[in-house]
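Student: What follows is a predicted structure for the sequence shown.
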Amino acid sequence: MGDFWVFGYGSLMWKPGFAHVETARARLYGYRRALCIRSHIHRGTPQHPGLVLGLDRGGSCLGLAFRVPGDLADEALAYLRARELVTHVYLERRLPLRLGDGRSVEAVVYVADRLHGQYAGALPAERAAEIVAQASGQSGPNVDYVTSTVDHLRKMGIRDHWLESVAAMIGGSDETCA
C-alpha cells in the first residue's frame, strides 16, 4: 500500500494519534458532522447514554486530512481501527475529499452505521442539548465533550453552527459558541 489519506472531523483533527507527513484542510461531500452516536461508556451510561460525533449522510463536512506514508500504513490503520471500530458503530470507507488547495484525494473515513443500535439519528439541536446535558460517563460529562469540541473547531477556524447552537443551549460560553 502506498501513501494514503485519513479524514478527521472531530478529535482526530487535534489528536490524530498516528504518524503522518502532511496535513491539509479538507471537505467531505455527502456527509455532515453530527451528534448522532449514543455513547454508553465514555460520555454516558446504558441507562443515560450521551451523544458523540459521527459522520451522517447529507451536506458536507469541513475537517482535516492527514497523509500517511505507505511504510506506516499497517501501523496507522491498526491504530485507527482500534480507536474507531471498538463497538462497530462506525463503518470504514474510502471516500473522495477535496483538499483546501483544490486537490482531490481518496481518504479513509469513518462514517456512522445507521443500522447500529448506537445510531441516534438526526436530532434537533434542542433534543441533542437535552441528552448531552444529562449524560456523563467514564471520560466525564457529555457537556464537556461538546463544548471542548466546539472550542477546538473554532480555534482551527472551522464553524459548525448546529454544534455551536447545541453548545450554547447547554451553557457553553459566549466566547466559545458565539
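Tutor: Done, it's in.
Student: So which residues of this structure form helices?
Tutor: 11-14, 73-84, 125-134, 142-155, 161-169, 174-177 (DSSP state H).
Student: of those helices, which approaches residue 108 most closely?
Tutor: Among the helices of the chain, helix 73-84 comes nearest to residue 108, with 6.9 Å by CB to CB. In this view, the C-beta of every residue, glycine as well, is placed from N, C-alpha and C.
Student: Return the set of buried residues in that closest one.
Tutor: In terms of neighbour count (16 or more other CB atoms under 10 Å), helix 73-84 has its buried residues at 76, 77, 80, 83, 84.
Student: Looks like the fourth one contacts residue 17 (just checking).
Tutor: Yes. Taking CB atoms under 8 Å as the contact criterion, residue 83 and residue 17 are neighbours in contact, 6.7 Å apart.
Student: returning to that earlier point: for residue 165, state which of the buried residues of helix 73-84 is nearest.
Tutor: Sorting these by how near they are to residue 165, with CB to CB, puts residue 84 at the top with 26.3 Å.
Student: distance of residue 149 from residue 57?
Tutor: Remark: distance between residue 149 and residue 57 (CB to CB, to the nearest Å) = 20 Å.
Student: Who has more neighbours out of those two?
Tutor: Per other CB atoms under 10 Å, whichever of residue 149 and residue 57 has more neighbours is residue 149, with 23 against 13.
Student: so what's the more buried one up against?
Tutor: For residue 149, the set of contacting residues under the criterion of CB atoms under 8 Å, 6 or more residues apart in numbering consists of 10, 11, 53, 163.
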